[in-house]
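Colleague: what follows is a predicted structure for the sequence shown.
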Amino acid sequence: MQTAHAQRPTDHASATAWDIAAQVTDPEVPVLTIEDLGVLRRVVATPDHVRVVLTPTYSGCPAIEQMRDDVMLQLTAAGYGDVRVDFTLSPSWTTDWMSDEGRRKLEEYGIAPPNGSAPVRRGPLPVQLAVKCPRCGSLRTREVSRYGSTACKAHYECLACLEPFDFFKVH
C-alpha cells in the first residue's frame, strides 16, 4: 500500500534542510522540483549531518543520480558539511505523490499531467478514456508512442490543434 505525500519535517533544523533540498529541479523536467514530483521523501538534520531520502520515479530512473548530486551540492553550498542522500524503492513512487502545483507546472510547460490516481495493486483497474491537450484543452488526442522523451512519459498528438505533446503517465 502506498503512503501519503511526504511531509515537511516539523523540527527547525530538518525543515530548513528540507526547504533547501526541495529547490532542486528534476533534470528531465526542469520546471518541476523534486518536492513537486514527490521524490523528496524525508530529510533529517542534526548539527553534525543531513540525511535525505529520495524515491526514484522508476527503479531504473536515469535522473536519480543527478538529483542526488544536485541535492548534495545544494546543501553543501548552504553550509552543511556532512550530507548523505539515500534512495528507497519501498514504497514505490506513484504519480499520486505529485503536488497540485507540480501538475499545474507540467501543463504550463506543455506536458499533460497525470490524470486520475494510480491503480491500486488489487481490484479493478481504471481505464483511461482521454488525455487533455495541454495546449488547446481538447480531449481529441491519440497516443503516438507509449514511450515519450523519457520512460515516465508517453508521446501524444492532439487531433484538434495537431500539436504533439508528452503525457506524464499515471504510475
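Modeller: Arrived safely, thanks for sending.
Colleague: check contacts around Gly38.
Modeller: Going by CB atoms under 8 Å, 6 or more residues apart in numbering, Gly38 touches 5-6, 55, 93-99, 102. (Glycine included, C-beta is placed from N, CA and C.)
Colleague: if any of those are buried, put those into a PyMOL selection.
Modeller: To isolate the buried ones among the contacts of Gly38 in PyMOL, judged by 16 or more other CB atoms under 10 Å, type:
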select buried, resi 6+55+93+94+95+96+97+98+102
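Colleague: among the contacts of Gly38, which are in helices?
Modeller: Gly102 (DSSP state H).
Colleague: in JSON lines: the contacts of Gly38, plus pLDDT.
Modeller: Shown next, in JSON lines, are these (pLDDT from 0 to 100):
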{"residue": "His5", "pLDDT": "65"}
{"residue": "Ala6", "pLDDT": "82"}
{"residue": "Thr55", "pLDDT": "95"}
{"residue": "Trp93", "pLDDT": "91"}
{"residue": "Thr94", "pLDDT": "91"}
{"residue": "Thr95", "pLDDT": "91"}
{"residue": "Asp96", "pLDDT": "92"}
{"residue": "Trp97", "pLDDT": "94"}
{"residue": "Met98", "pLDDT": "94"}
{"residue": "Ser99", "pLDDT": "94"}
{"residue": "Gly102", "pLDDT": "95"}
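Colleague: any idea how far Pro91 is from the residue nearest to Ala130 when sequence neighbours are not counted?
Modeller: Distance criterion CB to CB, 6 or more residues apart in numbering; nearest residue to Ala130, sequence neighbours excluded, is Leu139 at 4.1 Å. Applying CB to CB, to the nearest Å, the value for Leu139 to Pro91 is 32 Å.
Colleague: what do you get for Ala112?
Modeller: Distance from Ala112 to Pro91, by CB to CB: 25 Å.
Colleague: these two: which has the busier surroundings?
Modeller: Per other CB atoms under 10 Å, whichever of Ala112 and Pro91 has more neighbours is Ala112, with 23 against 12.
Colleague: was I right about the more buried one contacting Pro164?
Modeller: No: the criterion here is CB atoms under 8 Å, and Ala112 misses it with Pro164 at 11.2 Å.
Colleague: which neighbours do the two share?
Modeller: With CB under 8 Å, 6+ apart as the test, Ala112 and Pro164 both reach Tyr156.
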